[in-house]
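Colleague: Here's a sequence, model it:
(4 chains)
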There are 4 protein chains.
Amino acid sequence: METIPVGLVGVTGYTGMELARILAVHPILRLTRATSRAEAGKPLRSLYPFLQGFRAGDVGITEPDAADLAASCKLVFLAVPHGAAMDYAAELLTAGLSVVDLSADFRLADADVYASWYGLAHRHPDLLPDAVYGLPELYAPRIKKAKLVANPGCYPTSVILGLAPALSAGLIETDGIVADSKSGASGAGRKAAVGTLFCEVHDSFRAYNLGKHRHTPEIEQELGKLAGADITVSFNPHLLPIDRGILSTIYTRLVTPATLEEIHARYDNFYADKPWVRVLPLGKLPETRYVRGTMFCDIGLVLDPRTNRLIVVSAIDNLCRGASGQAVACANLMSGLPSDAGLHFAPMMP
Amino acid sequence: METIPVGLVGVTGYTGMELARILAVHPILRLTRATSRAEAGKPLRSLYPFLQGFRAGDVGITEPDAADLAASCKLVFLAVPHGAAMDYAAELLTAGLSVVDLSADFRLADADVYASWYGLAHRHPDLLPDAVYGLPELYAPRIKKAKLVANPGCYPTSVILGLAPALSAGLIETDGIVADSKSGASGAGRKAAVGTLFCEVHDSFRAYNLGKHRHTPEIEQELGKLAGADITVSFNPHLLPIDRGILSTIYTRLVTPATLEEIHARYDNFYADKPWVRVLPLGKLPETRYVRGTMFCDIGLVLDPRTNRLIVVSAIDNLCRGASGQAVACANLMSGLPSDAGLHFAPMMP
Amino acid sequence: METIPVGLVGVTGYTGMELARILAVHPILRLTRATSRAEAGKPLRSLYPFLQGFRAGDVGITEPDAADLAASCKLVFLAVPHGAAMDYAAELLTAGLSVVDLSADFRLADADVYASWYGLAHRHPDLLPDAVYGLPELYAPRIKKAKLVANPGCYPTSVILGLAPALSAGLIETDGIVADSKSGASGAGRKAAVGTLFCEVHDSFRAYNLGKHRHTPEIEQELGKLAGADITVSFNPHLLPIDRGILSTIYTRLVTPATLEEIHARYDNFYADKPWVRVLPLGKLPETRYVRGTMFCDIGLVLDPRTNRLIVVSAIDNLCRGASGQAVACANLMSGLPSDAGLHFAPMMP
Amino acid sequence: METIPVGLVGVTGYTGMELARILAVHPILRLTRATSRAEAGKPLRSLYPFLQGFRAGDVGITEPDAADLAASCKLVFLAVPHGAAMDYAAELLTAGLSVVDLSADFRLADADVYASWYGLAHRHPDLLPDAVYGLPELYAPRIKKAKLVANPGCYPTSVILGLAPALSAGLIETDGIVADSKSGASGAGRKAAVGTLFCEVHDSFRAYNLGKHRHTPEIEQELGKLAGADITVSFNPHLLPIDRGILSTIYTRLVTPATLEEIHARYDNFYADKPWVRVLPLGKLPETRYVRGTMFCDIGLVLDPRTNRLIVVSAIDNLCRGASGQAVACANLMSGLPSDAGLHFAPMMP
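Modeller: This is a model prediction of the structure:
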């Protein structure tokens, strides 16, 4: 099959690195451009020695340039910070390219909500109606036709997939949901900062941004659609001393009594033809290592009769499923490929 | 000041190891006996090379023997599994010794609750009324007079200290509390087991025993006393890839509106003369590293107006504050010493 | 292309786990049998939840049985301890199967050397002459024709590949070589043992078996062949608090003066058509993460004019390149496949 | 006993942090000034929340000012980079203060050697003759009388203590020594840098600066004095994914045959009255965890008859023994205190 040339704008962060890792062995999508103002002029393998010996490693890093990208690629991944991505997206769409934006710039349908949580006005609100939220289990048909995909956030991916079957079936109360999420340090980015130095993260654990993380409105938007009602969630992230992985423990209350078997069956059914979501057997709980380096979202279910709570535990790899792998899945769909092309990874164990 | 000879029954686990570490530099309590059936005959430094050069390292490991312990010690720490500890305690009390039991055998006032959660009948329920729960901030006066102290569990220490000011003041609803707790791997014990091998724990994260961990009734007993009402808690533990440390994120709802400043002031006041509990400044959250190797319990407070929740984050060192250090604090009190004798540790950073 | 059924004897260790991981996504070799006395009766995904959703995960674990393996497989991987492997190999060869033995039982050509280092007599010395040492860069033509391949040890793979170009060209003295090697904890195996518990390995580092590790004679045998002379090596292993990876720092002395550029060119040339060995650019040194989960052996070269030493640094993934991936490469060759079938892994970064 | 006021210039790095940790519980030396241009104006506990509740945490961070330091302190620790320390030292000595410099500025007796390895001319060579190398086991009598102590580097401490008994007795060849050293990440400093981010260090291992690390001339200077001859060492550092700890594996050759028992006895004798150096029993090897947070240097000895090599393994905590703890030991001696005042730490295990 013919290869499809793709570009990567912003290669120096962990999502850019992960895109490079995945595209290095993708059978169809071929990395043709990789941009970074800071690193322009080097081959990619110079920045990332782990790519020596891969064709992707030979790609020369360039300054981002829309005309050049349009001339050499069919689709571009944006792995730059929110705020910067929206202008690139507008420019590249105008140039005729398809765009998968890994930032938050096109995830929120409401520009006011964006402004309120991200502290800046959206400069391209006109693009929001056509941006598709890139969660394949929920939106694959729309992703296939999209020119602009807003790749979901890592935490939202874990929480939305964890609650979708229960909320869409009206099993749980829409009020009072608590998501206690824990993420590996790659989620904090690859910027030089004292707070994410090895000795500041290793052998420790901490909570941060309780109740005010920017992924909150994204979670609420999607859960609201699933429930058909406004939802306010208490979303609370924590930093794990691991490289990759998010585990969300989600506390809900049943609307009406149900057995764990019934709930489990509903989850199984909801994800019956969605092989990346693995609903674990009763009695089993997810571990981040079981999804390391993959597209899987593992879900475990616990019913606590003492407190009448359904506890949903979901685990993903924040870099692969929660960012770059999901972006490639969207690019696959936008390119007419099967969503899992080049994404058949077995978990890295141990 | 004259030294006080103490014994340690069960030296091979992490709580035994931590007791040895603390007693190695304690100015008054002197380790005189250390027992282990498996390791009897060796000096302690042979089992624990890190004790070479300390007087405690020269103590010879012996088989547990009540008469010998009674002849050589004034107080004994029991660092053996629940179920085994109760018989030792009975025998040693009869022999006239003071006992600090680090197991769960005397923590629950109600023998039926014990039987129901631990799956075995209590063989010495007559001792339960006189056993004192060894949390110094709440029970120091009673600990001073006790012959038998039930040293608190690690998770309960973090949750009870985190909620005591709020519950005793009636600030929060007694219903619907969720404690999402994360513990380092030393809490899983030092028994050879595949599940706690380095490669099974490192670079991963998992939940376990959701809604059914044995520390639940202990938490509910103590929170109930503080609230003056029965309390059912959703307590949910997780395993962190760190050596030491517990961080509990506790979700509550305010009974009546209050400002964060008011709540913070109440916490400050509650712990005003309890130097081991550090109520952090507004805006700061605990990290397990800040309490590593110490008796501190750090508490951070967050008020989430969107969900009307008070979120309490508490952090302790599970081995020191959550087990052996707390046991030494109780032994200090039982021996007429200041509670903090030999416990002036600065956190190990990094 | 038609699939080739293969069996795996001994599935519970890390090399068995890694074989399962690799075979789960191999396009031709299909895992058909997986044996373990302890776990027989379960599907493989029950032992290894990370395999849920893979065909390999549905394989039922059975007791090892030569007749059954012969009836259902063309080739068998032995992932059992040395001492046990030799009898399985003999039996399976007799039954007409091809065998890749991951243990040490057939690595040493001299049964006396085996007996001396492993402390037991070889029970099938007659098989030794036909066993091929499974290092593809050196022995691919012989591996293709072999019925019995002795898969190299992890440490030897890193040291032999690191020194092969220099020794075969007579660049370095054969006397006085020191290999200071460091391995991740998966190399210590998956047996329940206190010494490899998370809390005994994490945040620490230690040397072990200095000068007497059993991989020494294997290294000396192969280096001797390359040099055309007997070689005695000071081989000294250490335990790293990482899951995967070996880095060997190898200290040698030049026989005659040479520039680093000349030496580098010789390495480049030696491995010119061996894509798994990546000779790094001058000035770059290997890191275990750059080879994580892959077949790569990265080599860095340093010439120290102050001490007249050539220092070779080599890094591999001990489980993939140093064990199971290499075994699959051999199985590929023995099956008429390209050596790299199913082994196109990009390094897991971070 | 009366307290002695001390100052700390440069509080934001790991050696400054470790000094703060140690001084927080020191019975005599009292931290009175802590300086940092970047953090001036805050209390120390604001920079280091782990110090909340300690008197040292209440010290206000100030801009460095010699007059203020001279008015408020008797001794000052310099925890600033090399190059910057020399001017501070000169100024503070002139102001009458005693100085312990943790940088490299006064470690090398020869200003030309300094210039050659550090790439800058020494601006105060006149101070070099009176600077004492602060290794208590070798120089305690001179340290007691010194006004300026050059605190040893971390790697040199481990290598010099490891070889001192053998070299001073002429047991080993002075030619051909190789020191393969591995250090925890705190040795890389607390500066924001991509290369020491958690995700760049965790679960990986690498060599760096082979044959050209700046600690080389310091090692050679001190080993040369012990041997009474010029010594050239191949010193090669590596980066461990741990917070604290250095383990050096040192390869030497015996001058004349000797038994391991004889060598061990010589080491025991050499360090007979030096309690911080623990010569381990025959057959035992050091582990960095056994010295974590302490002043110990553990030494293990291996004699390899196959290669005629004496292998010395030494382990220290790079921050405590290898930097700030050693600086406090020197300050103790300079202040007329026992060298171990405030340094009675038991190793943090696990």
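Colleague: which other helices and strands contact the longest helix that chain A contains?
Modeller: Secondary structure of chain A read by DSSP state H shows that its longest helix is helix A:154-168. With contacts defined as 3 or more CB pairs under 8 Å, 6 or more residues apart in numbering or on different chains; DSSP states H and E, the packing partners of helix A:154-168 are helix A:136-145, strand A:178-183, helix A:216-227, strand A:234-239, strand A:246-253, helix A:260-270, strand A:297-304, strand A:309-316. Where you see a C-beta, it was placed from the backbone N, CA and C, and this is true even at glycine.
Colleague: angle of the last one against strand A:246-253?
Modeller: Relative orientation of strand A:309-316 with respect to strand A:246-253: 160 degrees, computed using axes from the mean of the first three to the mean of the last three CA atoms, to 10 degrees.
Colleague: contacts for the next helix or strand after strand A:309-316?
Modeller: Tracing the chain past strand A:309-316, the next element assigned as helix or strand by DSSP states H and E is helix A:325-334. Counting contacts by CB atoms under 8 Å, 6 or more residues apart in numbering or on different chains, the residues outside helix A:325-334 that touch it are A:6, A:15, A:18-19, A:22-23, A:26, A:28-29, A:75, A:77, A:98, A:100, A:102, A:134-136, A:140, A:143-144, A:146-147, A:149, A:151-152, A:157, A:294-295, A:317, A:319-320, A:338-343, A:345.
Colleague: Now, these that are in helices?
Modeller: Judged by DSSP H, helices contain the following of the contacts of helix A:325-334: A:15, A:18-19, A:22-23, A:136, A:140, A:143-144, A:157.
Colleague: hang on, the earlier thing: let me have the helices and strands packed on helix A:154-168 in CSV, adding mean pLDDT, mean neighbour count and distance to chain C as columns.
Modeller: Supplementary listing: these in CSV, determined by pLDDT from 0 to 100; neighbours: other CB atoms under 10 Å in any protein chain shown; distance: least, CB to the nearest CB, whole Å:
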stretch, mean pLDDT, mean neighbour count, distance to chain C
helix A:136-145, 98, 16, 14
strand A:178-183, 98, 26, 13
helix A:216-227, 98, 22, 24
strand A:234-239, 98, 25, 15
strand A:246-253, 98, 25, 14
helix A:260-270, 98, 16, 12
strand A:297-304, 98, 25, 8
strand A:309-316, 98, 27, 11
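Colleague: got TSV for those, with distance to B:Ala188 too?
Modeller: Formatted as TSV, the helices and strands packed on helix A:154-168 follow (distance: least, CB to CB, whole Å):
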stretch	distance to B:Ala188
helix A:136-145	34
strand A:178-183	18
helix A:216-227	32
strand A:234-239	20
strand A:246-253	17
helix A:260-270	26
strand A:297-304	19
strand A:309-316	18
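Colleague: right, and the ones you listed - which one's nearest B:Lys274?
Modeller: When these are ranked by distance to B:Lys274, counting by CB to CB, first place goes to strand A:234-239 at 26.3 Å.
Colleague: any bit of stretch A:200-220 sitting next to chain B?
Modeller: Yes. Stretch A:200-220 lies in contact with chain B when judged by CB under 8 Å from any CB of the partner chain; the contacting residues are A:200, A:202-208, A:210-212.
Colleague: Chain C next: which of those residues are close?
Modeller: Subset of the residues of stretch A:200-220 next to chain B in contact with chain C: A:202-203, counting by CB under 8 Å from any CB.
Colleague: Put together a markdown table for the residues of stretch A:200-220 next to chain B, with secondary structure and distance to C:Gln221 on each row.
Modeller: Supplementary listing: those in a markdown table, determined by DSSP: H, G, I helix; E, B strand; the rest coil; distance: CB to CB, whole Å:
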| residue | secondary structure | distance to C:Gln221 |
| --- | --- | --- |
| A:Glu200 | helix | 46 |
| A:His202 | coil | 40 |
| A:Asp203 | coil | 41 |
| A:Ser204 | coil | 46 |
| A:Phe205 | coil | 47 |
| A:Arg206 | strand | 51 |
| A:Ala207 | strand | 55 |
| A:Tyr208 | coil | 54 |
| A:Leu210 | coil | 60 |
| A:Gly211 | coil | 63 |
| A:Lys212 | coil | 63 |
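Colleague: Of the residues of stretch A:200-220 next to chain B, which count as buried by neighbour count?
Modeller: A:200, A:202-207, A:210-211 (16 or more other CB atoms under 10 Å in any protein chain shown).
Colleague: Would you format these as JSON lines with pLDDT and distance to C:Arg278 included?
Modeller: Output for these, formatted as JSON lines (pLDDT from 0 to 100; distance: CB to CB, whole Å):
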{"residue": "A:Glu200", "pLDDT": "98", "distance to C:Arg278": "32"}
{"residue": "A:His202", "pLDDT": "97", "distance to C:Arg278": "28"}
{"residue": "A:Asp203", "pLDDT": "96", "distance to C:Arg278": "32"}
{"residue": "A:Ser204", "pLDDT": "98", "distance to C:Arg278": "35"}
{"residue": "A:Phe205", "pLDDT": "98", "distance to C:Arg278": "36"}
{"residue": "A:Arg206", "pLDDT": "98", "distance to C:Arg278": "38"}
{"residue": "A:Ala207", "pLDDT": "98", "distance to C:Arg278": "41"}
{"residue": "A:Leu210", "pLDDT": "98", "distance to C:Arg278": "45"}
{"residue": "A:Gly211", "pLDDT": "96", "distance to C:Arg278": "47"}
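Colleague: of the residues you listed, closest to chain C?
Modeller: Nearest to chain C among these is A:Asp203, at 5.6 Å by CB to the nearest CB.
Colleague: Next, the contact list for that closest one, please.
Modeller: Under the criterion of CB under 8 Å, 6+ apart, the contact partners of A:Asp203 comprise A:241, B:242-245, B:289, B:292, B:350, C:202-203, D:243.
Colleague: cool, and A:Val194?
Modeller: A:200, D:190-192.
Colleague: farthest residue from the center of chain A?
Modeller: In terms of distance from the mean C-alpha position of chain A, A:Arg306 ranks first, at 34.4 Å (CA atoms, centre = their mean).
Colleague: Just to check, that one is in contact with B:Gly211?
Modeller: Yes. Shown here, A:Arg306 and B:Gly211 form a contact pair, counting by CB atoms under 8 Å, at 6.7 Å.
Colleague: what's the overlap in contacts for these two?
Modeller: Overlap of the contact sets of A:Arg306 and B:Gly211 (by CB under 8 Å, 6+ apart) consists of B:Ser234.
Colleague: How about stretch A:11-29, which residues are buried there?
Modeller: By 16+ other CB under 10 Å, the buried positions in stretch A:11-29 come out as A:11-24, A:26, A:28-29.
Colleague: what is the rounded mean pLDDT of it?
Modeller: For stretch A:11-29, the per-residue pLDDT values average out at 98.
Colleague: is any part of it close to chain C?
Modeller: Yes. Applying CB under 8 Å from any CB, one finds stretch A:11-29 in contact with chain C at A:14, A:17-18, A:21-22, A:24-25.
Colleague: got the end-to-end distance for that stretch?
Modeller: Taking CA to CA, to the nearest Å, stretch A:11-29 runs 16 Å from one end to the other.
Colleague: so, in contact with chain B or not, it?
Modeller: No. Between stretch A:11-29 and chain B, judged by CB under 8 Å from any CB, nothing touches; the nearest distance is 15.3 Å.
Colleague: Please state the offset of that stretch from the chain centre?
Modeller: Its chain's C-alpha centre and that of stretch A:11-29 lie 14 Å apart, by CA atoms, centre = their mean, to the nearest Å.
Colleague: Against which helices or strands is the helix or strand containing A:Ala89 packed?
Modeller: Using DSSP H and E, A:Ala89 sits within helix A:85-94. Taking 3+ CB pairs under 8 Å, 6+ apart as contact, the helices and strands that helix A:85-94 lies on are helix A:66-72, strand A:75-78, strand A:98-101.
Colleague: Nearest to chain C, out of these?
Modeller: Distances from chain C to each of these were compared by CB to the nearest CB, and the smallest falls on strand A:75-78, at 16.3 Å.
Colleague: Out of the contacts of A:Asp203, the closest to D:Glu261 would be?
Modeller: Of all the contacts of A:Asp203, C:Asp203 has the smallest distance to D:Glu261: 33.5 Å, by CB to CB.
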